[in-house]
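Asks: Output the structure for:
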Amino acid sequence: MRVPSISFYGAITPDYTVPGGGESGHIAVKPTEPYTVFGGSVGSGLGHGRFRAWYPNTDQTRNITVWPEFYGFTSPTKIHKYRFQWTFPVEISPHNPDKLYATSNYVHVSYDEGGSWEVISPDLTRNDPAHQEHSGGPISSENVGAEAYGTIFALKESPHEEGVIYSGSDDGLMYVTKDGGKNWDDITPPDDLLPNPSEQPARISTIDVSPHKAGTVYVAANRYQHDDPSPFLLKSDDYGQSWQLITNGLGDGVICRAVREDVNKPGILYAATETGVYVSLDDGENWESLNTNMPIFPVHDIVSKDTDLVIAGHGRSFWILDDVTPLHQLQEEQVSGTKLFKPRDTYRYRIDHGFGVELIPGVVSYHRAGPTTISVRPVRDEYGDWEQELLTAGQNPPDGVMIHFYVDEVPEEATLTIKNSDGESVKTFSLDGEGGSKLRIKAGANRHVWNMRGEGPTSREADKNLPQRQRRMFDGTAPKVLSGDYSVELKVGDDVQTQTFSIVPDPRLPISEDDLKAQYELKAAIRDKISEAHETLNTLETIDAQVKDWAKRADDTSIKKAAEALSAKIEAHCDRLRTPKIASTRGGENGLREKLGVLSAAIDESDHAPTAQAQEVYGNLAEDLTSARYQVQQFVDDEVAAFSAKLEAAGVPRLSTSKTGTGDSDPASDN
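Replies: As a prediction, this is how the structure comes out:
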């Protein structure tokens, strides 16, 4: 299967292709165009050692089986020319993209994408005839391909030295060649490190050659089929001439499937086991669990890719641990107290999060992800907040810059501030922040995701009751920052720590930085206008609350009637600034701030300069807002002031009013 690791529609829906192989086969991808995929496919049709090449440009597959003679189901492997395991290794040389390896009990090489094959090894197994007969019982035989035994189960060529190739068999033998297969040396680990009697041999599960040091090789082996669940991870620094067992911390029953070294940091190892993933920061001297939010399940393989960790779970899909750079830094420095880790550089890409519905605890809802509808439900995250769990789609990586930090205990005061290269604050998160400015902290390791947007508009208390879609629209009016250098400052009490990072342009985009800057500037201007509308609304709603209070309490009928009339006029001014009854199913004409919010969302649908018509609409809306705020100020100065005087004459306190947030200049004076 080929599946995406990220979807720009917000969730990874069933968007997959079948690139050749079968459900159990290993895959190798040619690193040059057109990126032919080679896949073992024993379970996909007739033939022992069935093997296919898939061509993505045509979506055709070619049968490239090393020896396409079908001996028949239930036939004993002793009559086969080559013994192919159900999961035989498939490898492309790191030194020659046209060199393809496949293994039976021999090592086979092709230089023409499987059009022809040559053997470059002797039989590298025990070749025990006792294990090459019929399998199964008296009712039915098996031998449909999965039962082949005495095969090469693992193969790896050194990325440092061409022609240095390691092999490991399912019956416990290991070999190395340093001359491309002309000569092979037995490097099987000794029995005191890996119990390996001929009658109950170990299986060499995976071989990983260190990406950092020639001659260093790691091996995962297992013996659980002989009722021995012990972990077996081994390391050699001399091409397999000597070995050491590196299993401290794994526990007696942790069956090992694979071991891989981090591609960026020497000495950081990852182990795939029957109960999850383990990590070692000291080259295997000590291990500890890395399961985090994963359930306990068999992990069959691991890939260290850039700064992510990708795992294949047996029956539990694919999982990705996004951003392992904190592990890189932990290797160098042990953490205590407070520690802010350096964020990795992050691409400035765009994700369409679609339209959702209100999340109701205990209820499954539906959400749009591109052309697909997916089911979701709310669950509590590690901080106790509600988040969306995807039930029928894969989860995207976090959308933004991942900021990792550690605290011994939850602090009483803390802020996280993003600054640009000039040291100016772009966004601040705090413990008591609202909405998107909330900083959540628990004792131990924390990850905060900044969505690369600056500050949003001035908030309104009344907006807390808006439907989710409207709230998200106004959250989205915060402009997305431009690519460049940034810093993050974590302040916990008196302790202040700073780290730098970069936001990297999306390499797929054919547009200029000036185009993105124009979009940023227009969105920032719209954000500021919405803030003006909110400030004016906040002022009007504060006055209205006082007026309605006096209307309820006043004994004087004239004051009561004046208050009711004034409140109606306040409502009319508010209706021009914001959509009246926005949560109503009947809708109505949009207010100015909704028009500005929709315009902001429209220009934010892609990474392009705003259109000329978008600029023109903004100009009209900005002019209308200036006019509306001037009229509000005149209303406050005249009619609200008159009502206050009426209250004062009756011996009660005046209304609390302020010109702040209403606008006090005649718009005509600007023309």
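
Asks: from here on, contacts and neighbour counts on C-alpha atoms
Replies: Fine.

Asks: mind listing what Leu431 touches?
Replies: 413-415, 438-441 (CA atoms under 8 Å, 6 or more residues apart in numbering).

Asks: Check the spacing between it and Gly454 real quick.
Replies: 18 Å (CA to CA, to the nearest Å).

Asks: Then His534?
Replies: Applying CA to CA to His534 and Gly454 gives a distance of 18 Å.

Asks: Please apply the same query to Ile418.
Replies: Look at Ile418 and Gly454: by CA to CA, they are 9 Å apart.

Asks: Now for these two: what residues contact both?
Replies: Contacts common to Ile418 and Gly454, judged by CA under 8 Å, 6+ apart, are 426-427.

Asks: What distance separates the opening and closing residues of stretch 328-342?
Replies: Distance across stretch 328-342, first residue to last, is 10 Å (CA to CA).

Asks: quick one: average pLDDT of the longest helix anywhere in the chain?
Replies: Secondary structure of the chain per DSSP state H: the longest helix is helix 513-553. Taken as a whole, helix 513-553 carries a mean pLDDT of 92.

Asks: And that helix, what does it pack against?
Replies: helix 557-577, helix 592-603, helix 612-635 (3 or more CA pairs under 8 Å, 6 or more residues apart in numbering; DSSP states H and E).

Asks: let's go with 6 Å and repeat that
Replies: Packing partners of helix 513-553 (3 or more CA pairs under 6 Å, 6 or more residues apart in numbering; DSSP states H and E): helix 557-577.

Asks: Need the residues that contact the helix it packs on.
Replies: 544, 547, 551, 554, 591-593 (CA atoms under 6 Å, 6 or more residues apart in numbering).

Asks: higher neighbour count, His534 and Gly454?
Replies: It is His534, of His534 and Gly454, that has more neighbours when counted by other CA atoms under 10 Å, with 24 against 20.

Asks: still on that earlier bit, just the buried residues out of the contacts of Leu431, in PyMOL syntax.
Replies: In PyMOL, a selection of the buried entries from those looks like this (16 or more other CA atoms under 10 Å):
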select buried, resi 414+415+438+439+440+441
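
Asks: among the contacts of Leu431, which two are most distant?
Replies: Spatial extent of these (CA to CA) is set by the pair Glu413 and Lys438 at 12.5 Å.

Asks: What mean pLDDT does stretch 297-305 get?
Replies: On average, stretch 297-305 scores 94.

Asks: Same check on stretch 451-465?
Replies: According to the model, stretch 451-465 has a mean pLDDT of 86.

Asks: just the helices in the stretch 401-550 of the chain please.
Replies: 468-475, 513-553 (DSSP state H, counting those that start in this stretch).

Asks: In CSV, list the ones you listed along with distance to Val277.
Replies: Listed next are the helices of the stretch 401-550 of the chain as CSV, based on distance: least, CA to CA, whole Å:
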stretch, distance to Val277
helix 468-475, 37
helix 513-553, 41
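
Asks: buried stuff in stretch 415-429?
Replies: For stretch 415-429, by 16+ other CA under 10 Å, it's 415-420, 425-429.

Asks: Isn't Gly49 up against Gln85?
Replies: No. Between Gly49 and Gln85 there is no contact under CA atoms under 6 Å: 7.1 Å.

Asks: So which of those two has more stuff around it?
Replies: Neighbours were counted for Gly49 and for Gln85 using other CA under 10 Å; Gly49 has more, 31 against 25.

Asks: where's stretch 418-425 relative to the chain centroid, distance-wise?
Replies: For stretch 418-425, the separation from the chain centroid amounts to 26 Å (computed by CA atoms, centre = their mean, to the nearest Å).

Asks: and the angle for the strand ranked longest in the chain with helix 513-553?
Replies: In the chain, with assignment by DSSP state E, the single longest strand is strand 495-505. Calculated by axes from the mean of the first three to the mean of the last three CA atoms, to 10 degrees, strand 495-505 forms an angle of 120 degrees with helix 513-553.

Asks: Packing partners of strand 495-505?
Replies: Taking 3+ CA pairs under 6 Å, 6+ apart as the contact cut, strand 495-505 packs with strand 346-348, strand 484-492.

Asks: okay if I get those strands as CSV plus mean pLDDT, mean neighbour count and distance to Val363?
Replies: Shown next, in CSV, are the helices and strands packed on strand 495-505 (pLDDT from 0 to 100; neighbours: other CA atoms under 10 Å; distance: least, CA to CA, whole Å):
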stretch, mean pLDDT, mean neighbour count, distance to Val363
strand 346-348, 96, 19, 34
strand 484-492, 97, 19, 37
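
Asks: Redo the ones you listed as TSV? Include distance to Lys30.
Replies: TSV is the format used below for the helices and strands packed on strand 495-505 (distance: least, CA to CA, whole Å):
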stretch	distance to Lys30
strand 346-348	26
strand 484-492	34
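
Asks: Of those strands, which is nearest Ala622?
Replies: strand 346-348 (29.2 Å).

Asks: which stretches of the stretch 351-500 of the chain aren't confidently modelled?
Replies: 355-357, 434-436, 467-469 (pLDDT under 70).

Asks: could you redo the last one with a cut-off of 90?
Replies: 351-362, 365-372, 381-389, 432-437, 459-477 (pLDDT under 90).

Asks: Can you tell me how far Ala568 is from Ala551?
Replies: Ala568 sits 12 Å away from Ala551, going by CA to CA.

Asks: Tell me which of these two has more neighbours.
Replies: Per other CA under 10 Å, whichever of Ala568 and Ala551 has more neighbours is Ala551, with 21 against 13.

Asks: show me the contacts for that one.
Replies: By CA under 6 Å, 6+ apart, the contact list for Ala551 reads 560, 563.

Asks: Pick the most buried one from the helices of the stretch 401-550 of the chain.
Replies: helix 513-553 (a mean of 19; mean count of other CA atoms under 10 Å).

Asks: Quick one: distance of it to the chain centre.
Replies: For helix 513-553 - counting by CA atoms, centre = their mean - the centre lies 35 Å from the chain centre.

Asks: all numbers from here: first residue = 52
Replies: New numbering, starting at 52: the last item is helix 564-604.

Asks: Let me have the contacts of helix 608-628 in CSV, extended by distance to Tyr269.
Replies: Shown next, in CSV, are these (distance: CA to CA, whole Å):
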residue, distance to Tyr269
Asp595, 73
Val598, 77
Ala602, 81
Ala605, 85
Gly642, 65
Leu643, 65
Arg644, 61
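
Asks: From the residues you listed, pick the one nearest Gln382.
Replies: For the contacts of helix 608-628, the nearest to Gln382 is Arg644 (50.4 Å; CA to CA).

Asks: For the closest one, give its distance to Gln111.
Replies: Arg644 sits at a distance of 54 Å from Gln111 (criterion: CA to CA).

Asks: Of the two, give the one with the bigger neighbour count.
Replies: The residue with more neighbours, out of Arg644 and Gln111, is Arg644; 25 against 12, by other CA under 10 Å.

Asks: what residues are up against that one?
Replies: Counting by CA under 6 Å, 6+ apart, Arg644 touches 581, 628-629.

Asks: What separation do you get for the nearest residue to Val427 once chain neighbours are set aside and Thr343?
Replies: Excluding the flanking residues, the one nearest Val427 by CA to CA, 6 or more residues apart in numbering is Leu441, at 4.7 Å. Applying CA to CA, the value for Leu441 to Thr343 is 18 Å.

Asks: Please name the nearest non-neighbouring residue to Leu206.
Replies: In space, Leu206 is closest to Ser218, 4.5 Å off (CA to CA, 6+ apart).

Asks: Spell out which strands sit alongside the helix or strand encompassing that neighbour in the sheet and which way each one runs.
Replies: Per DSSP states H and E: Ser218 is located in strand 216-220. Its sheet considered, strand 216-220 pairs with strand 203-208 (antiparallel), strand 225-228 (antiparallel) by DSSP bridges.

Asks: which of the residues in it are buried?
Replies: Buried-residue list, strand 216-220, by 16+ other CA under 10 Å: 216-220.

Asks: likewise stretch 351-369?
Replies: 351-355, 358, 360-364.

Asks: For the stretch 52-201 of the chain, which residues score under the pLDDT cut-off?
Replies: Residue ranges of the stretch 52-201 of the chain with pLDDT under 90: 52-55, 59-61, 64-76, 85, 92-100, 121-127, 137, 184-199.
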